[in-house]
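Novice: Build me a model from this:
(2 chains)
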Amino acid sequence: MTTLTLGTVSDSPRGGSLAALARHSVALARRSLIKTMRTPEALIDVTLQPVIFLLLFTYLFGGAISGGHRDDYLQLLLPGMLAQSLAMGGIALGQNLNADIEKGVFDRFRSLPVARSAPLVGAVAADVIRYLTVCVVMLGFGMLIGFRVETGFVPAVAAVGLSIAFGLCFCWISVWVGMLVRTPGAVQGLMFLIVFPLSFGSNVFVGTDTLPGWLQGFVQVNPITPLVSTIRGLLIGGPVASHLWGTLAWMAALLAIFVPLALRAYSRRA
Amino acid sequence: MSDFVVRAEGLRKRFGKTQALDGVDLAMRRGTVLGVLGPNGAGKTTAVRVLATLLRPDSGHAEVAGIDVLREPQRVRRRIGLTGQYASVDEDLTGTQNLVLIGQLLDLPTSQAKRRAAELLEWFDLAEAAGRMAKTYSGGMRRRLDLAASLVGHPEVIFLDEPTTGLDPAKREDMWGVVRNQVTEGASVLLTTQYLEEADALADEIVVINKGHVIAHDTPDGLKRLVGGLTLRVRPADPSRVPDVLRVLDKVAAPGSTASADGSAGARPGAASVPVTDDSALLDVVPALREAGIELNDFGLHLPSLDEVFHTLTTKKEELV
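Specialist: Numbers count the residues shown, from 1 in each chain, chains lettered A, B, ... in the order given. So this is what the prediction gives:
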């Protein structure tokens, strides 16, 4: 059965270490994608849940918040809720990684000659499909209940692209938490503690000027706020450039902070 | 090339208040099976994780396939296969997908990874289940898939951490066959186990670990001899004759010992045994039993079981500490 003989092991990865990282990450991303496709119920948090939130805030609270202008409110609300759903959509990633580690699946990866970061990078890359799903579901369902893109096709595609990119940066918080705590349940609990204040303490649901001063301060420095403003600009018109820079700066900062933290926690977790 | 394919010196590792490894030395010869035997919490898994580059020890030195585990872990990883204590297959992937993924991570071209996966699935009797998700597999099938996954890269050194825990006896023997086969193919196998029977059946040499210390390193037979001499055990056809058997056996007892009826230390009652100095005792006992008119069901010389060996070794060690 042996087709290779012992002792013919090459010591350097094919095509250099960066090419190897890319190749291994793609192989591991494919693994995550297969898992996602096999368990469609794992997509509830990026399909049904945002729809329910959207209905809740449009029809239950929307009238009261907007003083009766429910349709206008939906125009403001939907871009914001898209951002919130992206932030919440990253929670599952940390939970899945945590479960994988508990099951010993990652021990196998770690005993293979792949870059330390490949299993994490691969898992994050596969999350693209979940963030794309959030965007499609939110925009699709939003249009069914009356949301209108007021700008055009290209800005709308740009909004989707930016949303997915932001999701890929933001989810490293979840990856980090997933490496730190013991159980998937604890990942969820801790991530809610992080995501709820960020997504509600923002400009998603109400105008910032209605808030007390100290809360306005929090909203100003919240990474969700510039994202929401940019997506609003891209979907319903308004200034984009200044908010976009703020968003990109936050995305870079999230990566710069949480990728090293996650990798360190991963290698410490024995 | 060194004769030893695994060599570890003075491995220490502490987790909080637990000294998991407290100066462990290991040596495994190329092309052999080393059994690492010990109870739960002895440090077996920690030792394997250090050797398989998953865990850095607090101190000590380890080489696998002649390569320093701490300095060049990636080179070590190209030469080892690891099967952990819990079958770490991906449940949502099929058997084939599991193995192809490992092949890709080992930088095999996809076509070759697929061929190797098919070959291993066939060999592990999983060909029919190859397209099914691993979550539908039985415990034994998962173990086989897990073991297959560790063999994708034709490793020189295979680490098996309690590979048969939780398997029924028939499946366990299947697994033993696989391990022996790997050695025939040229691999060296380091296997941890709580089953003394398993170490005896597979290992060329056995290391006994307890509380992070190596308390013995010997061949299975050497280990048995280390702890006790031969025992002659006689099971009469009529259990009521045990007292008569005892009288006969007492005459051949090794100096300072007496014959005793079985039944106290977990052995099946209805037999008697006696420690003897050598097999010449047989020559005396057989005619004496015939003369007494005792018919026999079973009769034999035994080395102490590894269970007894382990018990003796650990108590000895505890007395020393």
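Novice: can you give me the strands in the stretch 151-300 of chain B?
Specialist: In the stretch 151-300 of chain B, the strands defined using DSSP state E, counting those that start in this stretch lie at B:157-161, B:188-193, B:205-210, B:213-218, B:230-236, B:260-261, B:272-276, B:296-302.
Novice: export those to a markdown table and tack on distance to B:L108, mean neighbour count and mean pLDDT?
Specialist: Any C-beta I mention is one placed from the backbone N, CA and C, and that applies to glycine too. Converted to a markdown table, the strands of the stretch 151-300 of chain B look like this (distance: least, Cβ to Cβ, whole Å; neighbours: other Cβ atoms under 10 Å in any protein chain shown; pLDDT from 0 to 100):
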| stretch | distance to B:L108 | mean neighbour count | mean pLDDT |
| --- | --- | --- | --- |
| strand B:157-161 | 18 | 24 | 94 |
| strand B:188-193 | 22 | 25 | 94 |
| strand B:205-210 | 33 | 24 | 91 |
| strand B:213-218 | 37 | 19 | 89 |
| strand B:230-236 | 52 | 20 | 85 |
| strand B:260-261 | 60 | 16 | 81 |
| strand B:272-276 | 56 | 23 | 83 |
| strand B:296-302 | 49 | 13 | 83 |
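Novice: quick one: which of the ones you listed is nearest chain A?
Specialist: Checking the strands of the stretch 151-300 of chain B against chain A by Cβ to the nearest Cβ gives strand B:157-161 as the closest, at 8.1 Å.
Novice: Give the pairing partners of that closest one; include direction for each.
Specialist: Paired with strand B:157-161 in the same sheet, following DSSP bridges, are strand B:80-83 (parallel), strand B:188-193 (parallel).
Novice: Check the gap between the residue of chain A found nearest chain B and A:I44 for me.
Specialist: Closest to chain B within chain A is A:G104: 3.5 Å, counting by Cβ to the nearest Cβ. In this view, A:G104 and A:I44 are 27 Å apart by Cβ to Cβ, to the nearest Å.
Novice: Which one's more surrounded, those two?
Specialist: Ranked by neighbour count (other Cβ atoms under 10 Å in any protein chain shown), A:G104 and A:I44 place A:G104 first, with 18 against 12.
Novice: Output the contacting helices and strands for the helix or strand hosting A:D100.
Specialist: According to DSSP states H and E, A:D100 maps onto helix A:91-103. Contacts defined by 3 or more Cβ pairs under 8 Å, 6 or more residues apart in numbering or on different chains; DSSP states H and E place helix A:91-103 against helix A:118-126, helix A:153-180, helix A:184-200.
Novice: quick one, which of these is packed in tightest?
Specialist: Mean neighbour counts were compared across the helices and strands packed on helix A:91-103 using mean count of other Cβ atoms under 10 Å in any protein chain shown; the top stretch is helix A:118-126, at a mean of 23.
Novice: What are the contacting residues of that helix?
Specialist: A:21, A:24-33, A:36, A:93, A:96-97, A:106, A:109-110, A:168, A:171-172, A:175, A:262-263, A:266, B:105 (Cβ atoms under 8 Å, 6 or more residues apart in numbering or on different chains).
Novice: give the contact list for whichever residue of the stretch 101-250 of chain B sits closest to chain A.
Specialist: Minimum separation of the stretch 101-250 of chain B from chain A (Cβ to the nearest Cβ) falls at B:Q104, amounting to 4.2 Å. When contacts are counted by Cβ under 8 Å, 6+ apart, B:Q104 is found next to A:23-24, A:27, B:110, B:113.
Novice: on that earlier part again, closest one to B:T258 among the helices and strands packed on helix A:91-103?
Specialist: helix A:184-200 (60.3 Å; Cβ to Cβ).
Novice: With only the CA atoms kept, save that closest one in CSV.
Specialist: The C-alpha trace of helix A:184-200 is given here as CSV (Å, rounded to 0.1, in the frame of the first residue of the first chain):
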residue,chain,number,x,y,z
PRO,A,184,-18.9,27.3,23.6
GLY,A,185,-21.6,28.5,26.0
ALA,A,186,-19.2,30.8,27.7
VAL,A,187,-18.0,32.2,24.4
GLN,A,188,-21.6,33.1,23.6
GLY,A,189,-22.2,34.7,27.0
LEU,A,190,-19.0,36.8,26.9
MET,A,191,-19.5,37.8,23.3
PHE,A,192,-23.1,39.0,24.0
LEU,A,193,-21.6,41.1,26.8
ILE,A,194,-19.3,42.7,24.2
VAL,A,195,-21.6,42.9,21.1
PHE,A,196,-24.8,44.1,22.8
PRO,A,197,-23.3,47.4,24.2
LEU,A,198,-21.5,48.0,20.9
SER,A,199,-24.5,47.4,18.7
PHE,A,200,-27.1,49.1,20.8
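Novice: Report the distance from it to the chain centre.
Specialist: 13 Å (Cα atoms, centre = their mean, to the nearest Å).
Novice: is any part of that helix close to chain B?
Specialist: No - figure legend: helix A:184-200 not in contact with chain B (Cβ under 8 Å from any Cβ of the partner chain); closest approach 14.6 Å.
Novice: tell me the contacts of the closest residue to chain A within chain B?
Specialist: The minimum distance from chain B to chain A, using Cβ to the nearest Cβ, falls at B:S88 (3.5 Å). Listed by Cβ under 8 Å, 6+ apart, the contact partners of B:S88 are A:103-105, A:107-108, B:146, B:149.
Novice: What sits closest to it if chain neighbours are left out?
Specialist: The shortest distance from B:S88 to any non-neighbouring residue, by Cβ to Cβ, 6 or more residues apart in numbering or on different chains, is to A:G104 (3.5 Å).
Novice: The chain: helices as residue ranges?
Specialist: Using chain A here. A:16-38, A:48-55, A:62-66, A:70-89, A:91-103, A:105-110, A:118-126, A:128-144, A:153-180, A:184-200, A:213-221, A:224-236, A:241-268 (DSSP state H).
Novice: Switch to chain B, please.
Specialist: Along chain B, counting by DSSP H, helices occupy B:44-51, B:73-77, B:95-105, B:110-123, B:139-151, B:169-184, B:196-202, B:220-227, B:242-250, B:280-291, B:306-320.
Novice: what would the ones you listed look like in CSV with mean pLDDT and distance to A:A83?
Specialist: Listed next are those as CSV, based on pLDDT from 0 to 100; distance: least, Cβ to Cβ, whole Å:
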stretch, mean pLDDT, distance to A:A83
helix B:44-51, 94, 42
helix B:73-77, 93, 40
helix B:95-105, 96, 34
helix B:110-123, 95, 38
helix B:139-151, 90, 40
helix B:169-184, 87, 52
helix B:196-202, 84, 56
helix B:220-227, 74, 65
helix B:242-250, 88, 84
helix B:280-291, 86, 86
helix B:306-320, 67, 61
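Novice: Export those to CSV and append columns for distance to A:D127.
Specialist: Listed next are the helices of chain B as CSV, based on distance: least, Cβ to Cβ, whole Å:
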stretch, distance to A:D127
helix B:44-51, 29
helix B:73-77, 27
helix B:95-105, 18
helix B:110-123, 24
helix B:139-151, 25
helix B:169-184, 37
helix B:196-202, 43
helix B:220-227, 51
helix B:242-250, 72
helix B:280-291, 72
helix B:306-320, 49
